[in-house]
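Participant: here is the input, now give the coordinates:
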Amino acid sequence: MVKAPKPDVPAPTPAAKTLAEKIDHLFTVVHPAKGEYTHEQVAKAIEDAGGPTISATYLWQLRKGMRDNPTKKHLEALSGFFGVPPAYFFDDEAAAAVDAELALLTALRDPKVRELAIRAAGLSPETLSTLIDMTSRARQLEGLADP
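Facilitator: Got it, this is the predicted structure:
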């Protein structure tokens, strides 16, 4: 018996993040070397920059999903503080693009990753392709997905 070929099934798209998840992600990824910003630091920095008044408690509530309807001014202030476009909070495609850049930022914080990138600079395209293949294989052996 011959089976009919299966129709192309589109790959599942990742579920959209909630506002709380997006804000939490910014706190966990965009931070100084010594660790995450506190809610108090973010609230003060927004106010010092001339932004709207926002309390540390309100930031915590937004981050935990206890509040989920901030004003446009609050979201603009948060996007300004964390260096992302305001569309990050509204547009899933924009959020995905920003998250990809944030993943790169996170990877480059690792001194060994930076050292590898610096040492690879200036190598021929062929050698770079070989290194990419080697790292892809190493990730596969360690059970990691390609980024």
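Participant: contacts, neighbours, all on C-alpha from now
Facilitator: OK.
Participant: report pLDDT for the residue sitting nearest the centre point of the chain.
Facilitator: With distances taken as Cα atoms, centre = their mean, Asp99 lies nearest the centre of the chain, 3.0 Å away. You'll see Asp99 listed with a pLDDT of 92.
Participant: how close does it get to Thr106?
Facilitator: From Asp99 over to Thr106 the distance is 10 Å, taken as Cα to Cα, to the nearest Å.
Participant: and Lys112, by the same measure?
Facilitator: For Lys112 relative to Thr106 (Cα to Cα), the value is 12 Å.
Participant: quick one: which of those two has more around it?
Facilitator: Taking neighbours as other Cα atoms under 10 Å, Lys112 and Thr106 compare with Thr106 leading, 14 against 11.
Participant: ok now do that one, which residues does it touch?
Facilitator: When contacts are counted by Cα atoms under 8 Å, 6 or more residues apart in numbering, Thr106 is found next to Val29.
Participant: per-residue confidence for it?
Facilitator: pLDDT, read off for Thr106, is 86.
Participant: any chance of the backbone angles for it?
Facilitator: phi -60, psi -40 (degrees, to the nearest 10).
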